[in-house]
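Participant: quick one: sequence and predicted model below, then my questions.
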Amino acid sequence: NAGVTQTPKFRILKIGQSMTLQCTQDMNHNYMYWYRQDPGMGLKLIYYSVGAGITDKGEVPNGYNVSRSTTEDFPLRLELAAPSQTSVYFCASRVGGQGNQPQHFGDGTRLSIL
Amino acid sequence: GNSVTQMEGPVTLSEEAFLTINCTYTATGYPSLFWYVQYPGEGLQLLLKATKADDKGSNKGFEATYRKETTSFHLEKGSVQVSDSAVYFCALSDFTGGGNKLTFGTGTQLKVEL
């Protein structure tokens, strides 16, 4: 009963380094999302995908890239890490169709950039 | 655009007290409304949802009613327990622009003490 799995759980990066946050889901969901959560700010949408090969920008996409080559995987790439990208990152997925279906979240990746 | 406003926390209650967390929203059309809960160190979990006006969502003793006339979706529980300590997020599902994106409030931290 894995659901949405994110790796790593924690990571410390130096300014200018790059890394990929992994997200995989085993529920055959078409829609996948990346959010960042900053203290007192709720969750902000970075990128989303409505199916393999299709991605689109959310509210705060600058400094990030995504790809969706399979239904299961939706990695998030940071090319040049900056202190402003210190945050907790959540991946989520949902079935397609009506908007009343909930999103299912992973446990998050806590990223610090020093 | 869409927005969700929640009462600020932290909210501190004694066990068995009555809980209300206020949530109001601004949206075009007829969004679906959700309450998510986040326990320490974990991702968000769906607590309850409502998909149309006057619907009442309920789960684990929590309830919320979709009030279109007041654009509200307040969360209530008659008797809280220490195990209810968590951060609660109100959210609406955006049907516009594709992707059925969620717009979140900033979250309300609940602390329940013995």
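Facilitator: Perfect, thanks for sending it.
Participant: point to the residue nearest the middle of chain A.
Facilitator: Centroid-nearest residue in chain A: residue A:34, 2.8 Å away (criterion: C-alpha atoms, centre = their mean).
Participant: which ones are touching the closest residue to it other than its chain neighbours?
Facilitator: Closest residue to residue A:34 apart from its sequence neighbours, by C-beta to C-beta, 6 or more residues apart in numbering or on different chains: residue A:46 at 4.4 Å. Every residue, glycine included, has its C-beta placed from N, CA and C. By C-beta atoms under 8 Å, 6 or more residues apart in numbering or on different chains, the contact set of residue A:46 is A:34-36, A:58-61, A:64, A:66, A:76, A:89.
Participant: the residues you listed, buried ones only, as a PyMOL selection?
Facilitator: Here is the PyMOL selection string for the buried members of the contacts of residue A:46, based on 16 or more other C-beta atoms under 10 Å in any protein chain shown:
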select buried, chain A and resi 34+35+36+58+60+61+64+66+76+89
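Participant: where do the strands sit along the chain?
Facilitator: Picking chain A for this. In chain A, the segments counted as strands under DSSP state E are A:4-7, A:10-13, A:19-25, A:31-37, A:43-51, A:54-57, A:64-66, A:76-78, A:87-94, A:104-105, A:109-113.
Participant: meant chain B, my bad for not saying
Facilitator: Listed in chain order, the strands of chain B (DSSP E) span residues B:3-6, B:11-14, B:19-21, B:23-26, B:32-38, B:44-50, B:56-59, B:62-65, B:75-77, B:86-94, B:101-104, B:108-113.
Participant: tell me the residues of chain B that contact chain A?
Facilitator: Contact residues, chain B versus chain A (C-beta under 8 Å from any C-beta of the partner chain): B:31-32, B:34, B:36, B:41-46, B:49, B:51, B:89, B:93-95, B:98-102, B:104-107.
Participant: filter the residues you listed down to the buried ones.
Facilitator: Among these, those buried by neighbour count (16+ other C-beta under 10 Å) are B:31-32, B:34, B:36, B:43-44, B:46, B:49, B:51, B:89, B:93-95, B:99-102, B:104-107.
Participant: ok, back up a step: tell me the pLDDT of the residue nearest to residue A:34.
Facilitator: At residue A:46, the pLDDT value in this model is 96.
Participant: quick check: it vs residue B:63, distance?
Facilitator: Between residue A:46 and residue B:63 the distance is 32 Å, computed by C-beta to C-beta, to the nearest Å.
Participant: also residue A:85?
Facilitator: Counting by C-beta to C-beta, the gap from residue A:85 to residue B:63 is 38 Å.
Participant: just residue A:76 next, same as before
Facilitator: 36 Å.
Participant: how about the strands of chain B in a markdown table, adding distance to residue A:80?
Facilitator: Shown next, in a markdown table, are the strands of chain B (distance: least, C-beta to C-beta, whole Å):
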| stretch | distance to residue A:80 |
| --- | --- |
| strand B:3-6 | 31 |
| strand B:11-14 | 40 |
| strand B:19-21 | 39 |
| strand B:23-26 | 35 |
| strand B:32-38 | 30 |
| strand B:44-50 | 29 |
| strand B:56-59 | 43 |
| strand B:62-65 | 42 |
| strand B:75-77 | 40 |
| strand B:86-94 | 30 |
| strand B:101-104 | 26 |
| strand B:108-113 | 33 |
